[in-house]
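Enquirer: A predicted structure for the sequence below; I have some questions about it.
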Amino acid sequence: MKYRNRKGEEFEETTSQDKLLQRAYNSYFCRAFLRLLSMPGFSELGGMILDSKISASFISDFAEKNNIDLSDYEPKAYRSFNDFFTRKIKPGSRPIPKDKNILISPSDGKVTAYKIDEVNGFVIKNSVYSVKSLLRDKKLAKRYEGGTAVIIRLTPDDYHRYCYAATGIKSHDRAINGVLSTVNPVVNEYVPVYRENSRRYCVIRTENFGDVVQMEVGALLVGKITNAHPYGRRTVLRGEEKGYFEFGGSTIVLLLEKDKVKVCPDLLENTRQGFETKLLQGEAVGVAVKH
C-alpha cells in the first residue's frame, strides 16, 4: 500500500496479509470461503476467543510485529487481547487544535478523500458507492450531493479509539447490519465493502461545518463497534471520545456537504495520485468555508 505523511514523504508497504488477500481474491473458491468467514457468527466466535484470558498471550508478539510502542499508552495489566486492542492513549498524546474552524480526523488512520458526484456518488478502486446505498436513506443522501467523502482506514498499529470530528448536536446512531469483510484496499477491487459491511452512523449538526455524517464501519474477524452515546440527541464536543473498535479491520467515513468544508488539498491530491495520507487523531481534515 502506498501512503504519504503530511511532510510529503512517501512510503510503500506490502504486508504478508496484502499478498495473501491478493491471491485469495483472485480465486473464486477462496473468495467464497472468505465470504463465509465474514458472516456474523464467525465474528462472534472470534470475539469470544479474543475476550478470553488466554488471548492475552498474543499481545507481546502482536505489538512487536506492528511496531506498537506501549509506552505511549496508559500503563495497565491487560486481561485479554481485546482489552489491549481498546487500550487508552496517555492524555495529551492526541492534541486538538484550538482553531474551531478546523475539522479534525476523528481517529488515527490512512486517509483518502473523494468528491461525491451528484449522479454516481464516488469510486474507490473498482467499487462504486452511492451515498444512498451507504446511508440507506435517500432523503439524507441528497444533502451530500456535490460534497466530499473522507475515508479513514485504521491499521493494526493505530489507536483504535475515536472521537467526534466536530462540535455540535448529534442525532441518534443508526445501525446497519451486514457482513464483516476485510477493509484492506486490495478487496475494494472485488467487494464494495463500505456498503455491505456492518456500520453505525450519526449526523452532527454543527455551526461551522454544516451537517457532518460520521460513520464507523466494522470489518473482518470482530470489528465490533462500541459507541458511548448511541441513543437520542445530545451536544458533543470536537475531540470528545465517541467510541472504540475491538479487534478487526475498521474504517471511519465522514460525509461533508457541498461548500461547507474545504478539504485539505494534500488529501485530495494524494488520493488522485493513488496515495493514502497518514494522519493522527486530531489532525486537520479540512477547514470551514466562510460565507
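Expert: Alright, I've got the coordinates. Being a predicted model, the structure only gives us computed values, none of them experimental. Numbering: from 1, shown residues only.
Enquirer: Surely Thr206 touches Lys170?
Expert: No - Thr206 sits out of contact with Lys170 when judged by Cβ atoms under 8 Å, with a separation of 9.7 Å. Bear in mind the C-beta positions are built from the backbone N, C-alpha and C, glycine included.
Enquirer: all helices of the stretch 151-291 of the chain, in order?
Expert: Listed from the start of the chain, the stretch 151-291 of the chain has helices (DSSP state H, counting those that start in this stretch) covering 193-196, 265-272.
Enquirer: Could you tell me the least trusted of those?
Expert: Ranked on mean pLDDT, the bottom entry among the helices of the stretch 151-291 of the chain is helix 193-196, at a mean of 51.
Enquirer: Any stretches of the stretch 1-150 of the chain with poor pLDDT?
Expert: 14-47, 118-121, 123-128 (pLDDT under 70).
Enquirer: Now with 80, please.
Expert: 1, 13-48, 118-129 (pLDDT under 80).
Enquirer: quick one, strands of it?
Expert: Under the criterion DSSP state E, counting those that start in this stretch, the stretch 1-150 of the chain contains strands at 2-4, 10-12, 102-104, 109-115, 122-124, 127-129, 148-154.
Enquirer: Would you mark the buried spots in the fourth one?
Expert: When burial is assessed from 16 or more other Cβ atoms under 10 Å, strand 109-115 yields the following buried residues: 109-114.
Enquirer: So which of those residues is the closest to Lys290?
Expert: Set against Lys290, the nearest of these by Cβ to Cβ is Ala113 (20.3 Å).
Enquirer: which one is that closest one nearest to, not counting chain neighbours?
Expert: With Cβ to Cβ, 6 or more residues apart in numbering as the measure, Leu267 is the residue that lies nearest to Ala113, at 4.3 Å, once sequence neighbours are left out.
Enquirer: List the contacts of the one you found.
Expert: Shown in contact with Leu267 (Cβ atoms under 8 Å, 6 or more residues apart in numbering): 111-113, 150, 277, 285-286.
Enquirer: Quick check: buried residues in stretch 131-143?
Expert: Of all the residues in stretch 131-143, those buried under the rule 16+ other Cβ under 10 Å are 131-132, 134-135, 137, 140-141, 143.
Enquirer: Glu9: which of those residues is nearest?
Expert: Using Cβ to Cβ, the shortest approach to Glu9 within the buried residues of stretch 131-143 belongs to Leu134, at 31.9 Å.
Enquirer: Break down the stretch 151-291 of the chain into its strands, ranges please.
Expert: 161-163, 168-170, 174-176, 199-205, 211-217, 225-227, 234-236, 241-245, 250-256, 261-263, 276-279, 284-288.
Enquirer: Make TSV out of these and add mean neighbour count and mean pLDDT.
Expert: As requested, the strands of the stretch 151-291 of the chain are arranged in TSV below (neighbours: other Cβ atoms under 10 Å; pLDDT from 0 to 100):
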stretch	mean neighbour count	mean pLDDT
strand 161-163	22	97
strand 168-170	19	98
strand 174-176	15	89
strand 199-205	21	95
strand 211-217	26	95
strand 225-227	18	90
strand 234-236	15	97
strand 241-245	22	95
strand 250-256	25	92
strand 261-263	22	98
strand 276-279	23	96
strand 284-288	21	98
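Enquirer: how about these in CSV, adding distance to Glu13?
Expert: Output for these, formatted as CSV (distance: least, Cβ to Cβ, whole Å):
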stretch, distance to Glu13
strand 161-163, 22
strand 168-170, 35
strand 174-176, 31
strand 199-205, 26
strand 211-217, 21
strand 225-227, 26
strand 234-236, 34
strand 241-245, 21
strand 250-256, 18
strand 261-263, 25
strand 276-279, 10
strand 284-288, 23
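Enquirer: Of all these, which one is nearest Ser55?
Expert: Across the strands of the stretch 151-291 of the chain, the minimum distance to Ser55, taken as Cβ to Cβ, is reached by strand 241-245, at 16.2 Å.
Enquirer: now the closest one: how far from the chain's centre is it?
Expert: Between the centre of strand 241-245 and the centre of its host chain there is 11 Å, according to Cα atoms, centre = their mean, to the nearest Å.
Enquirer: Show me what it packs onto, helices and strands only.
Expert: Using 3 or more Cβ pairs under 8 Å, 6 or more residues apart in numbering; DSSP states H and E as the contact definition, the elements that strand 241-245 packs against are strand 161-163, strand 211-217, strand 225-227.
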